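Chemist: Could you look at this predicted model? Sequence included:
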Amino acid sequence: AQSVTQLGSHVSVSEGALVLLRCNYSSSVPPYLFWYVQYPNQGLQLLLKYTSAATLVKGINGFEAEFKKSETSFHLTKPSAHMSDAAEYFCAVSPPLGGGADGLTFGKGTHLIIQP
Amino acid sequence: DAGVIQSPRHEVTEMGQEVTLRCKPISGHNSLFWYRQTMMRGLELLIYFNNNVPIDDSGMPEDRFSAKMPNASFSTLKIQPSEPRDSAVYFCASLSYNEQFFGPGTRLTVL
């Protein structure tokens, strides 16, 4: 069975500071990994995904994540936070054998707060 | 494309009533997923379909929950009878090239 752990239910950073949201996974084989963002009262939007190609993945809105197999991690970063980045962020995994067509297992989410 | 469409956006009902949530996936997407989001349990996969066929319904909490996908452009999630603990946001998503596209969700409140 797969699982995802997101460290820190709330993360607060100043506008312009580095954003780092942590995600660790547990899986018998390297899974597909995803980061989604959810704004209030909206659905989830994909930020980026890792599907066994390049380990450093660039996504939308200036976010990127690096897959580290040795650390079973897929942390999300952004060099400079913007007020519009305030939202809930979810890390998710999917078994690779299904080509990503299996359901996603989500972490509990991290609420990102941007201080002016 | 209009994206994944869900209706209704909000539903308030009384305990014991039947509730039907609806989803229209993005045209051409062959897989459809139903998720539930609550404060206590986070986002959970309930069931998913591939080419209109249910593949895994192990996440459906009880027999009170049922889902159907009669054709490629429509799916329903039904709760009968509903209970207060079913209050949650229910999301539908459809899949293209490893990416799941989520609808805006249906916020269900069972009184």
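Modeler: Ah, there it is.
Chemist: how close does residue A:86 get to residue A:116?
Modeler: Residue A:86 sits 11 Å away from residue A:116, going by C-beta to C-beta, to the nearest Å. All C-beta atoms are positioned from the backbone trio N, CA, C, and that covers glycine.
Chemist: Can you pick out the residue with more neighbours from the two?
Modeler: residue A:86 (17 against 6; other C-beta atoms under 10 Å in any protein chain shown).
Chemist: residues of stretch B:92-102 that come out buried?
Modeler: B:92-95, B:98, B:100-102 (16 or more other C-beta atoms under 10 Å in any protein chain shown).
Chemist: Check the separation of the first and last residues in it.
Modeler: Separation of the first and last residues of stretch B:92-102 by C-alpha to C-alpha, to the nearest Å is 6 Å.
Chemist: and if you look at stretch B:27-34?
Modeler: 17 Å.
Chemist: center of chain B, which residue is that?
Modeler: For chain B, the residue nearest the mean C-alpha position is residue B:34 (3.7 Å; C-alpha atoms, centre = their mean).
Chemist: I figured residue B:83 was touching residue B:110, is that so?
Modeler: Yes: under the criterion of C-beta atoms under 8 Å, residue B:83 makes contact with residue B:110 at 6.1 Å.
Chemist: Can you check which residues contact both of these two?
Modeler: residue B:15 (C-beta atoms under 8 Å, 6 or more residues apart in numbering or on different chains).
Chemist: who has more neighbours, these two?
Modeler: Taking other C-beta under 10 Å, residue B:83 and residue B:110 do not tie; residue B:110 has more neighbours (20 against 12).
Chemist: The more buried one contacts residue B:15, doesn't it?
Modeler: Yes: here residue B:110 reaches residue B:15: they are 5.8 Å apart, a contact under C-beta under 8 Å.
Chemist: Contact partners for the nearest residue to residue B:74 once chain neighbours are set aside?
Modeler: Distances taken as C-beta to C-beta, 6 or more residues apart in numbering or on different chains place residue B:24 nearest to residue B:74, at 6.0 Å, with adjacent residues excluded. The neighbours of residue B:24, taking C-beta under 8 Å, 6+ apart as the test, are B:4-6, B:73-75.
Chemist: one more time with 6 Å, if that's ok
Modeler: B:5, B:73-74 (C-beta atoms under 6 Å, 6 or more residues apart in numbering or on different chains).
Chemist: and what of residue B:108?
Modeler: Applying C-beta under 6 Å, 6+ apart to residue B:108 gives the contacts B:11, B:87.
Chemist: Determine the three-state secondary structure at it.
Modeler: strand (DSSP: H, G, I helix; E, B strand; the rest coil).
Chemist: Quick one, grab the pLDDT at it.
Modeler: Confidence at residue B:108, expressed as pLDDT, is 98.
Chemist: now it: how far from residue A:83?
Modeler: Where residue A:83 is concerned, residue B:108 sits at a distance of 31 Å (C-beta to C-beta).
Chemist: And for residue A:50?
Modeler: Here residue A:50 is placed at a distance of 28 Å from residue A:83 (C-beta to C-beta).
Chemist: Show me which of those two is the more surrounded one.
Modeler: Shown here are residue A:50 and residue A:83; by other C-beta under 10 Å, residue A:50 has more neighbours (21 against 9).
Chemist: need the residues of chain A near chain B, please.
Modeler: A:43-44, A:46, A:51, A:100-101, A:103, A:106, A:108 (C-beta under 6 Å from any C-beta of the partner chain).
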